[in-house]
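Student: Fold the following, please.
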Amino acid sequence: MVQITASDYEYLFPLHEDRTLELEGPYGITVIEIHDGAVAVVDSPGRRKICVQQGQIQRSGSWLICLPNQVFIKIIGQESPIDAHSY
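Tutor: Residues are numbered from 1 along each chain as shown. Here you go, the predicted structure:
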């Protein structure tokens, strides 16, 4: 699942359903794309566009933030962020 917090709202979307979202923030519209099991910010009104440059995330616990526009994106779920175990 993708948890998106923008302004005073919180949204949950399945990661396996492709969609494009336009969320209003204090500085304008942030465009988020969920595609092929990953999520990315494709446009944001921030000057330096750091959240756009971060690319996509797809693992549980990963997050993106567009601080000037107050948009926070996090992947939540049961999937473990650990790649391997050794004994």
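
Student: Can you tell me how far Arg47 is from Ser60?
Tutor: Relative to Ser60, Arg47 is positioned 31 Å away (CB to CB, to the nearest Å). Any C-beta I mention is one placed from the backbone N, CA and C, and that applies to glycine too.

Student: let me fix that: Gly37
Tutor: 12 Å.

Student: Repeat that for Gly25.
Tutor: In terms of CB to CB, Gly25 sits 25 Å off from Ser60.

Student: try Leu12
Tutor: 14 Å.

Student: ok, now which ones touch the closest residue to Gly46 other than its chain neighbours?
Tutor: In space, and not counting its chain neighbours, Gly46 is closest to Pro68: 4.5 Å by CB to CB, 6 or more residues apart in numbering. For Pro68, the contact set (CB atoms under 8 Å, 6 or more residues apart in numbering) comprises 25-27, 44-47.

Student: And Pro68, how far from Thr5?
Tutor: Taking CB to CB, one finds Pro68 at 15 Å from Thr5.

Student: try Ala38
Tutor: In terms of CB to CB, Ala38 sits 19 Å off from Thr5.

Student: Show me the strands in the chain, by range?
Tutor: 2-6, 9-13, 19-25, 28-35, 38-43, 56-57, 63-66, 71-75 (DSSP state E).

Student: Could you dump those strands into JSON lines with mean neighbour count and mean pLDDT added?
Tutor: Shown next, in JSON lines, are those (neighbours: other CB atoms under 10 Å; pLDDT from 0 to 100):
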{"stretch": "strand 2-6", "mean neighbour count": "18", "mean pLDDT": "95"}
{"stretch": "strand 9-13", "mean neighbour count": "11", "mean pLDDT": "94"}
{"stretch": "strand 19-25", "mean neighbour count": "15", "mean pLDDT": "94"}
{"stretch": "strand 28-35", "mean neighbour count": "18", "mean pLDDT": "96"}
{"stretch": "strand 38-43", "mean neighbour count": "19", "mean pLDDT": "97"}
{"stretch": "strand 56-57", "mean neighbour count": "18", "mean pLDDT": "96"}
{"stretch": "strand 63-66", "mean neighbour count": "19", "mean pLDDT": "94"}
{"stretch": "strand 71-75", "mean neighbour count": "21", "mean pLDDT": "96"}
